[in-house]
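Enquirer: Compute the structure for the input listed below.
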Amino acid sequence: MDFLRSLENRLVALEKLALAALLTTMVALSFVQVVLRGGFSAGFLWADTFLRNLVLWVGFLGAAAAAAQDKHFAMDAAGRILSGRAKAAAHLTCSIFTAAVCVLLLQASIAFLKDERAAANVLFSIGGWQAQAWPFELALPGGFALLAVHHAIKAVLAAPELKA
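Expert: Numbers count the residues shown, from 1 in each chain. Reported below is the predicted structural model:
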């Protein structure tokens, strides 16, 4: 169990590092866009689309970090009403159900990503260079995979609480 907690803590540390890097990039690029538009009537053509896609990455990384720390949105009523084994059972059931839903969404997002890649949808173009949409959409399967891992770890850690 200590190994799982340690693994999850390391994963959360990496997620927070990636979050900090992405947020810094978003703030800096947004600031540059505002200065370029306001001061020079110019700007990067690709920046707004790129920033919208970074929001998706930040959202999933934030959700994964929150899930790891049990700070995600949850129905709190059961946790407040129940205690002991009943609370542990509810936590275990919720973790298993959430992990399963995340696995289903992971599978759906992989299918979506395959379709996007086959369609060769262009996210933005700069001159003759075109950025494909699918690499930016890797946030979907990556995010659902992270959420599934965190909830599966929560389920494994909650199981021994039923015996107590």
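
Enquirer: drop to CA atoms for contacts and neighbour counts, all remaining ones
Expert: Will do.

Enquirer: So which residue is dead centre in the protein?
Expert: Nearest to the mean C-alpha position of the chain, by Cα atoms, centre = their mean, lies Phe60 at 1.6 Å.

Enquirer: and it, what does it touch?
Expert: By Cα atoms under 8 Å, 6 or more residues apart in numbering, Phe60 lies in contact with Ala139, Leu140, Gly143, Phe144.

Enquirer: Out of these, the closest to Leu113 would be?
Expert: The shortest approach to Leu113 among the contacts of Phe60 belongs to Leu140, at 8.5 Å (Cα to Cα).

Enquirer: Find the nearest non-adjacent residue to that closest one, please.
Expert: Of all residues not flanking Leu140 in the chain, Ser109 sits nearest, at 5.9 Å (Cα to Cα, 6 or more residues apart in numbering).

Enquirer: Equivalent analysis for Lys16, please.
Expert: Ala65 (7.1 Å).

Enquirer: Is it correct that the one you found is in contact with Leu17?
Expert: No - with contact defined as Cα atoms under 8 Å, Ala65 does not count as touching Leu17 (10.7 Å).

Enquirer: who has more neighbours, those two?
Expert: Per other Cα atoms under 10 Å, whichever of Ala65 and Leu17 has more neighbours is Ala65, with 25 against 13.

Enquirer: list the buried ones in the helix or strand that contains Ala67?
Expert: Counting by DSSP states H and E, the element that carries Ala67 is helix 47-68. Residues 47, 51, 53-54, 56-58, 60-68 are the ones in helix 47-68 that count as buried (16 or more other Cα atoms under 10 Å).

Enquirer: Select, from these, the two members most distant in space.
Expert: Ala47 and Ala68 (31.2 Å).
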